[in-house]
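Engineer: no FASTA, just this:
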């Protein structure tokens with residue numbers, strides 16, 4: 001069974017260090033930051049690496065803004081958890097990776113079918129209107145960072161609408 005710290009063995013070095021990290025131990029936090037800042041390439045797994053890399057479907061960086069999005073074509077639901085944290089929304093995780101950038105962040109979904117907004121997707125899209133949802137996903141961030149993440153969400157669009165509005169023919173599009 002995996003515990004809250006993303007490890008199986010409670011006697012491991014990783015468990016002990018993460019337990020201290022999550023309890024707010026300043027020395028362990030400083031140690032983690034020092035290690036992260038000293039490495040040119042971070043390992044995939046280590047006690048101070050809580051999640052792997054995040055891979056958004058859409059990433060556009062302009063002179064004055066960053067746009068980050070998730071495309072949902074066949075998935076029946078949005079991804080809302082990682083191994084180490086039961087409440088860790090995929091899109092908010094992408095936003096989190098950009099919060100240290102100075103440019104405004106705009107986050108969104110592109111959905112395959114309008115039918116997606118029936119059921120789970122409609123319910124889940126409502127979460128992005130609640131600051132509490134961002135707080136649950138960004139427990140490690142300051143209030144100002146959480147506000148910034150919360151204000152980044154601009155909504156969703158549909159592939160068909162993008163194709164029509166911009167005159168794009170998506171050759172691998174799923175027909176409704």
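Structural biologist: Yes, it's here. Given the structure is predicted, the values throughout are model-derived calculations rather than measurements.
Engineer: residue 88 touches residue 139, doesn't it?
Structural biologist: No. Applying C-beta atoms under 8 Å, one finds residue 88 not in contact with residue 139, separated by 9.6 Å. Bear in mind the C-beta positions are built from the backbone N, C-alpha and C, glycine included.
Engineer: give me the more crowded residue out of the two.
Structural biologist: residue 88 (20 against 11; other C-beta atoms under 10 Å).
Engineer: so which strand or helix has that one?
Structural biologist: Assigned by DSSP states H and E, residue 88 belongs to neither a helix nor a strand.
Engineer: need the phi and psi values for it.
Structural biologist: With angles defined as degrees, to the nearest 10, residue 88 shows backbone torsions of phi -150, psi 90.
Engineer: distance check, it against residue 78.
Structural biologist: 12 Å (C-beta to C-beta, to the nearest Å).
Engineer: same question, residue 161
Structural biologist: Residue 161 is 19 Å from residue 78, by C-beta to C-beta.
Engineer: look at the two and report which has more neighbours.
Structural biologist: Ranked by neighbour count (other C-beta under 10 Å), residue 161 and residue 78 place residue 78 first, with 19 against 12.
Engineer: that one belongs to a helix, doesn't it?
Structural biologist: No. Under DSSP: H, G, I helix; E, B strand; the rest coil, residue 78 falls outside any helix and is assigned coil.
Engineer: pretty sure it contacts residue 92?
Structural biologist: No. Taking C-beta under 8 Å as the definition, residue 78 is not a contact partner of residue 92, at 10.1 Å.
Engineer: packing partners of the helix or strand harbouring residue 106?
Structural biologist: Here residue 106, judged by DSSP H and E, is contained in strand 105-111. Secondary-structure packing of strand 105-111 (3 or more C-beta pairs under 8 Å, 6 or more residues apart in numbering; DSSP states H and E): strand 66-72, helix 90-96, helix 143-152, strand 153-158, helix 159-166.
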